[in-house]
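1. attaching a predicted model along with its sequence, questions to come.
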Amino acid sequence: MIIVSACLAGINCAYDGQSRICKKVVELLKSGKAIPVCSEQLGGLTTPRLPAEIKNDCVIRNDGKDVTKNFEKGALEALKIAQLVGCKKAIFKAKSPSCGKGKIYDGNFISKLIDGNGITTKLFLENSIEVISEIEL
């Protein structure tokens, strides 16, 4: 079973209340090979919500509020789901502070990318779950 970012499956759960639909992810869902999760919602954040980026190992909204605990809680809940279904692979949204792999925004809200992983991606990798982005898919 593959865990996928719910926004890639067409669920309107991205920070702006929209989806980031990816046809290949939808096909995996239709074939019963994928389970959608939104770790930000699992962490108690609303949709829509203010944009957030990682800076100095903390997740900060663009109004300055620290939402790191929400992101960490959501990552743990997503990991529980992955472990329950025996997940070995995840397809997550690129550049996201929760799901980004390899590149994330720099924390200054200027659309500058830096090397790094989102909170959920980092936890999945630490637990031997392969993570790719929809771009790599």
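-> Received, thanks. Quantities reported herein were computed from a predicted structural model and do not represent experimental measurements.
2. check contacts around the residue most central in space within the chain.
-> By CA atoms, centre = their mean, the chain has its centre lying nearest to C99, at 2.7 Å. C99 makes contacts with 5, 39, 92-93, 118, 120-121, 133, as judged by CB atoms under 8 Å, 6 or more residues apart in numbering. Where you see a C-beta, it was placed from the backbone N, CA and C, and this is true even at glycine.
3. so A90 lies in a strand, does it not?
-> Yes - with DSSP: H, G, I helix; E, B strand; the rest coil as the criterion, A90 is assigned to a strand.
4. for it, the count of nearby residues, please.
-> Other residues lying near A90 total 26 when counted by other CB atoms under 10 Å.
5. same question for S111.
-> For S111, using other CB under 10 Å, the count is 9.
6. that one: what secondary structure?
-> coil.
7. name the SS class of the residue nearest to the centre of the chain, please.
-> Per three-state DSSP, C99 ends up coil.
8. pLDDT score for it?
-> Looking at C99, its pLDDT reads 97.
9. in this protein, spot the helix with the most residues.
-> Using DSSP state H, we find that the single longest helix of the chain is helix 68-84.
10. can I get that helix in PDB, CA atoms only?
-> The C-alpha trace of helix 68-84 is given here as PDB (Å, rounded to 0.1, in the frame of the first residue of the first chain):
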ATOM      1  CA  THR A  68       5.600  23.000  14.700                       C
ATOM      2  CA  LYS A  69       3.600  20.900  17.300                       C
ATOM      3  CA  ASN A  70       0.700  20.600  14.800                       C
ATOM      4  CA  PHE A  71       3.100  19.400  12.100                       C
ATOM      5  CA  GLU A  72       4.800  16.900  14.300                       C
ATOM      6  CA  LYS A  73       1.500  15.500  15.600                       C
ATOM      7  CA  GLY A  74       0.200  15.200  12.100                       C
ATOM      8  CA  ALA A  75       3.400  13.400  11.000                       C
ATOM      9  CA  LEU A  76       3.100  10.900  13.800                       C
ATOM     10  CA  GLU A  77      -0.600  10.200  12.900                       C
ATOM     11  CA  ALA A  78       0.300   9.800   9.200                       C
ATOM     12  CA  LEU A  79       3.100   7.400  10.200                       C
ATOM     13  CA  LYS A  80       0.600   5.400  12.400                       C
ATOM     14  CA  ILE A  81      -1.600   5.000   9.300                       C
ATOM     15  CA  ALA A  82       1.300   4.000   7.200                       C
ATOM     16  CA  GLN A  83       2.400   1.400   9.700                       C
ATOM     17  CA  LEU A  84      -1.100   0.000  10.100                       C
END
